[in-house]
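Q: quick one: sequence plus predicted model below, questions after.
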Amino acid sequence: MPTTIIRDATPLDLPALVTLWQALVAHHAGDGDPLWAVAPHAPETYAAFLRQQMGLRRAKVLVAQGPDGVDGYLVGAIGQRAAVWAQREIGMVFDLVVRPEARRGGVATRLLDAVSAFFAARGVTWVQVNYAPANAEAAGFWTARGFRPLLIEAYRAPGESC
C-alpha cells in the first residue's frame, strides 16, 4: 500500500508547493535560456495563482502527501479552446512536480490519475499538458502516458534575423 496519499491542497500547503515550483523553475533555468528567468515577485504571484485555483470549481490543486511532507503536487483546470473547434472543453495540467527523492514511485502517475478522474467526472476526456522537450524525464513521463505533441511552441530572441 502506498505511503503517499493524494489529497486536495489547502492554503497551509502553499509554502511547500511554492518551494517545489521554485526547484522546477531552477531546473529549467539551468539550461541557460533567458525565458526561464522569473520576476522578483514570482513566488508570491505563484502562491496567489495556486490560492485562486484552489477556490475554483473547475480547477484542482492536488498534493501528494508523504510521511515526511509534500512529495509532489499537480495543478489542473478545465479550459476551453476557441469556438472554432468541435472539441471545446479540455482538461489542462498546468504544473506537475515531484521532489527528486519521491520520483519513480508512482507519485506523478497517481496525481495524473486523480486529476483525470476529476476531469472525467465533469465530462471532460481530453487532457492537455505543456512540458519542455529538453526535460527528458518529463518528456518520457508524458509520452509513456499517451500524450503526443499537437503543436510546438517556438520563440525567437530579440535581434535574431527573420
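A: Structure's in. What do you need?

Q: thinking Leu50 is in contact with Leu17, fair?
A: Yes - here Leu50 reaches Leu17: they are 5.8 Å apart, a contact under CB atoms under 8 Å. Any C-beta I mention is one placed from the backbone N, CA and C, and that applies to glycine too.

Q: what do those two both touch?
A: Between them, Leu50 and Leu17 share these contacting residues under CB atoms under 8 Å, 6 or more residues apart in numbering: 9, 61.

Q: for this protein, which spans come out with low pLDDT?
A: By pLDDT under 70, the weakly predicted segments of the chain are 1-2, 162.

Q: report the separation between the residue nearest the centre of the chain and Ala82.
A: Taking CA atoms, centre = their mean, the centroid of the chain lies closest to Asp95, which sits 1.1 Å from it. Distance of Asp95 to Ala82, given as CB to CB, to the nearest Å: 23 Å.

Q: Val70 now?
A: In this view, Val70 and Ala82 are 36 Å apart by CB to CB.

Q: helices of this protein, start to end?
A: For the chain, the helices defined by DSSP state H occupy 14-29, 42-54, 107-121, 136-144.

Q: circling back to that earlier point, so which of Val70 and Ala82 has more stuff around it?
A: Val70 (21 against 6; other CB atoms under 10 Å).

Q: and for that one, nearest residue in space, chain neighbours not counted?
A: For Val70, ignoring the flanking residues on the chain, the nearest one in space by CB to CB, 6 or more residues apart in numbering is Ala16 at 4.1 Å.
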